[in-house]
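Q: kindly generate the corresponding structure for this input.
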Amino acid sequence: MPVNFLSSEQIVRYGHYAGEPTPTQLAKYFHLDDGDLQTISTLGKLYTRLGFAVQLGTVRFLGTFLSDLTRAPSGVVNHMAEQLQIDVADWTKYGTRSQRRHKKVIRQLYGYEDFHKSEIPFALLRQLYARASLTQESHLVLFDYATAWLAQHKVLLPGPRILERWIARIVSRAQRRVWQRLANLLLENQQTRLQSLLIVDKDARFSRLELLRQPATRASSPIIKQSLHRLEKIRAVGVSGIDLTGISVGHIKAMARYGRNAWAAALEDLGKNHRLAVLLVTTQELEAVIQDEALDLLLLNVAEKFRDAEKSGIKARLSTLAQVDMATLQLCAVCQFVLDEKLSGQEVRQAIFQEIPREELEKAVALVNQETSIHAPHYYNLLTDGYRSIRLFLPMLLKTIDFKGTGVSDDILKAWQFLYRLDHTRPRPDMETAPQSAVNGSAWRAVVYDQEKQVDRRYYTFCVLQSLIAALERRDIFIVPSHRWQDLRTQLLQGDAWRKARPQICAALGKTSDGEKEVKKLVKRLDALYQQVAKRLANNKSVSIKKDGDHERIHLTPLKKAPDGKRLKQLKAAVSQLMPELDLPDLLLEVHQLTGFADEFDHISEKQARATDLPLSICAVLLAEACNVGIDDVVNPSIPALRRSRLLWVQQNYIRDETLTRANAALVAAQAKIPLAQQWGGGHVASADGQRFRVPVESLTAAPNYKYFGEGRGITYFTFISDQFSSFYGTVIPGAVREALYILDGLLEQQTVLEPVEVMTDTAGYTDIVFGLFWLLGYQFSPRLKSIGKTRFWRFDKKARYGRLSKVARHKLNEARMADNWDDLLRVAGSLKLGMLTASEFMKTLQAGKGSSELAKAIAEVGRVAKTMYLLNYIDDASYRRRILVQLNRGEQRHQLARAVFHGGRGQVWKKYQDGQEDQLGALGLVVNIIVLWNTLYIQKALDHLRHTGMDIRDEDIRRLTPLGFGHIRLTGRYDFTLTAKPELGGLRSLRRS
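A: Residues are numbered from 1 along each chain as shown. Below you'll find the model as predicted:
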């Protein structure tokens, strides 16, 4: 079993200083108390006392002694010398014999024990075993935890390989225990059926499992039927009802991900218990995934039928437009005779028929009735063209998927059960017994019931399907198991769990549980802000209030572009000339050498699996994905780490959302430590924007959007950019879906050291509900508003006087709605904060359907308060508007860099499935962050050099520099992964000289 998960760089860094300790670390580990000073004072020469002190601080900080004490950082030596009031001049005289003797003294006096002789590590072993059993923490995380624990408990660190093997054995034992527990849940016949999933049937190219897990790429009726067949086959394995409660969710997710992606041959090679465990969780996962897929396809297919009917109706109306116009003119002429008061009743009829023959008038009336009564505005009468297509999968859908409800949509479920009986029971029920409560609206009643009031099965089916889909989107109807269409009530804090969590949630959100009290605070805050802004309005030259019809509206003067001064231009030019030129592979390898980001990638199944020069392989695969060039462009048969088989193995087993997220977190943390990045921002502000990519292959995630994709389809990669220029979150969304739905995900799900509290977006990301959820969670939402004139300003008190703003603030807020629903508002915010609920899915349910729920109205009401406060600050402070514009421009510049990197394949995404798209664009985001980090480091070095040469550099100019340039980086050409310039470990290469 391979156990060497530590890289050579990590081995070198183990038990050594990585750099100068921080002031906090110096105070914690290197402070000498009275007892320490008394012990040290008994020693002889001054340099001996200093050496002893450095040894003592080192073992407290590192958990071990340095073999060569001269490698201790100068900051540590100076800190100890200051406390001892000793000159460091004779420091080097501290000899080896004294060091060995003092190590023994420190062990005895301070209670440090040897790892192999101490009984204390047994407690650590139990903790590590528990963590390995309950979580999917990587070997490196457990390794770091073990070293910190040993240092804290005064157990001297063993050699790196010894601790490495110790960790590997613990993790392996925990994993085997999990596999055994899962395998023991299976009966013998269930084991046989699971094993049969790996069989490759005659004339088939893939195993049964590989065929079952193949996602759909189109929403056609035959494809929906195929998905339902796949669902039946998965259920036929007979493991759906096995309860996995008590098994770590992390282990289940990891095994399911592996089972959904690994080749059948790789699964065959696993041990029996491991193989059965993977197949069990994969089968249960596939049931939920395929059910979700079937419903996704259903929504797309039915929506297409309604669009086709509408297109056909519009086309038909356009084709008869001339006849309708003629008929309308004839009817207009009839009305003129009717309105002529000189004509009596009998004379009117005679005059009309003399002008227009009766037969022509009857045809005109029939034509106008036909084109205006039941066709518009929905064209439901033309849905029959798609009914035959729906019937291809509807009987199986009715039989296969069990819809459940919250009680709100029981009428729809009764109608759905009626459709089921029509297809699957004998004798069939009469259409007259169809539940009529599901037929809502005059447009539907006009087509579902014919002239004899008989129910037309075709229209009734479409009516029920539309109602079912609307209820699904609101989650009034749901399915089990599911990831996207599950019951939202199970994801919200409920009952006793909510009552117990409420005090902690209120404390975390900075709010009380008293709704009336909190609303009164809002009333005071909004009123005070109105008064303050109104007072300053006369001196605000960028704001004017103009009459627009019956209302007065605010107009804002657009911000002018801030020009680059002469000094800033000189600084930019000087920095640009100093930036070293290099190839992209060199850049990736150098940043790994500096940060170790590639060490965050571990095997999807065998966490301890490592290979020689694995970081080299990972960097090559990341480049191939990010540049959209494919594996062949980075293959080098002469280097084992770059051979095609190795790269494909790494691509399948190491590059995934989990590892990309961890690697990105390491890069963001490294960026945040650079003084230059801290001058750009503190990491508390971010912008969110989507970058569009065309998808020329069939894909369910690709959607039409003529503005961005023309006649084609595409996706949006929605990214969050910090004010330090690093990206901390990204997700793929279909091209037609509103970005506003995903804007909270980036704040709640990001896993970096940054703590953004304000997000800036374009106008497209703005809704009242977004403002409301942001405020409830303690965040600030700051969209750029291109036009503020028609934006609504809200107030609590209609009688309040706000000067010239009084007529602008025309809309009244509902205090009672906020106060009455306050507990539910806190419950939603708490569930989102705890990660029990996905913000994007929740927002979709709030905005689904025609009518809003009371909860959605309450969130929107809170949002109107937050929005109005934001609008008042927005018009009042030009610097605030400028700050939003600057941050959004950073996002646009980053998109330009990403587009330049993603140059292969005509800049289009050729992956069919969402997992592949997310992995590829996640790799792109990671590589862009690597470039940003490298640029920041070298801009910092260039600034230091320029200061040394005497150049006048101002802070305001530094804040306008950007690490998003790429003119000095060769992004295209042949990719050679041999680091041409090899900086020393932790160091940088030389700057370019003109």
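Q: quick one: pLDDT of the residue nearest to residue 406 when sequence neighbours are not counted?
A: Excluding its sequence neighbours, the residue lying closest to residue 406 (CB to CB, 6 or more residues apart in numbering) is residue 476, at 5.3 Å. Where you see a C-beta, it was placed from the backbone N, CA and C, and this is true even at glycine. Here, the pLDDT recorded for residue 476 equals 89.
Q: with residue 608 instead?
A: For residue 608, the pLDDT comes out at 60.
Q: what is the neighbour count of residue 770?
A: As a burial measure, residue 770 scores 26 neighbours (other CB atoms under 10 Å).
Q: isn't there a helix covering residue 209?
A: Yes - counting by DSSP: H, G, I helix; E, B strand; the rest coil, residue 209 falls inside a helix.
Q: contacting residues around it?
A: Residue 209 makes contact with 197-198, 259, 264, 267, 279, 282 under the criterion CB atoms under 8 Å, 6 or more residues apart in numbering.
Q: show me just the buried residues among these.
A: 197-198, 259, 264, 267, 279, 282 (16 or more other CB atoms under 10 Å).
Q: and which of those residues is nearest to residue 891?
A: The nearest member of the buried ones among the contacts of residue 209 to residue 891, counting by CB to CB, is residue 259 at 37.3 Å.
Q: go through the contacts of residue 209 and name the one nearest residue 427.
A: residue 197 (39.8 Å).
Q: for the closest one, give its distance to residue 873.
A: 59 Å (CB to CB, to the nearest Å).
Q: okay, the residue nearest to residue 406 and residue 443: tell me how far apart.
A: Per CB to CB, residue 476 is found 22 Å from residue 443.
Q: neighbour count: these two, which is higher?
A: Higher neighbour count among residue 476 and residue 443: residue 476, with 23 against 16, using other CB under 10 Å.
Q: isn't residue 348 up against residue 335?
A: No - between residue 348 and residue 335 there is no contact under CB atoms under 8 Å: 10.7 Å.
Q: helix or strand for the residue lying closest to residue 240 once chain neighbours are set aside, just tell me which one.
A: Nearest non-adjacent residue to residue 240, counting by CB to CB, 6+ apart: residue 287, 5.8 Å away. Residue 287 is part of helix 272-319 when elements are defined by DSSP states H and E.
Q: now the element after that helix, going C-ward?
A: Using DSSP H and E, the helix or strand that follows helix 272-319 in sequence is helix 321-339.
Q: now do that next one against helix 272-319, angle only.
A: Angle, helix 321-339 to helix 272-319, by axes from the mean of the first three to the mean of the last three CA atoms, to 10 degrees: 50 degrees.
Q: tell me the average confidence for the next helix-or-strand element following helix 321-339?
A: Using DSSP H and E, the next helix or strand after helix 321-339 towards the C-terminus is helix 345-355. Mean per-residue pLDDT for helix 345-355: 77.
Q: before we move on, what about stretch 519-527?
A: On average, stretch 519-527 scores 94.
Q: give me the three-state assignment for the residue nearest the centre of the chain.
A: Note on the chain: the residue nearest the mean C-alpha position is residue 731, at 4.4 Å, using CA atoms, centre = their mean. When classified by three-state DSSP, residue 731 comes out as strand.
Q: I figured it hits residue 743, correct?
A: No - in this structure, residue 731 is not within contact of residue 743 by CB under 8 Å, at 10.6 Å.
Q: check which residues of stretch 64-81 are buried.
A: Buried residues in stretch 64-81 (16+ other CB under 10 Å): 64-66, 69, 72, 75-77, 79-81.
Q: what's the answer for stretch 345-359, then?
A: With burial defined by 16+ other CB under 10 Å, the residues of stretch 345-359 counted as buried are 351-352, 356.
Q: same thing with stretch 19-32?
A: 21, 26, 29-30, 32.
Q: out of those residues, who's nearest residue 635?
A: The closest of the buried residues of stretch 19-32, once distances to residue 635 are taken by CB to CB, is residue 21, at 43.6 Å.
Q: what sits against that closest one?
A: By CB under 8 Å, 6+ apart, the contact list for residue 21 reads 29-30, 61, 73, 75-76.
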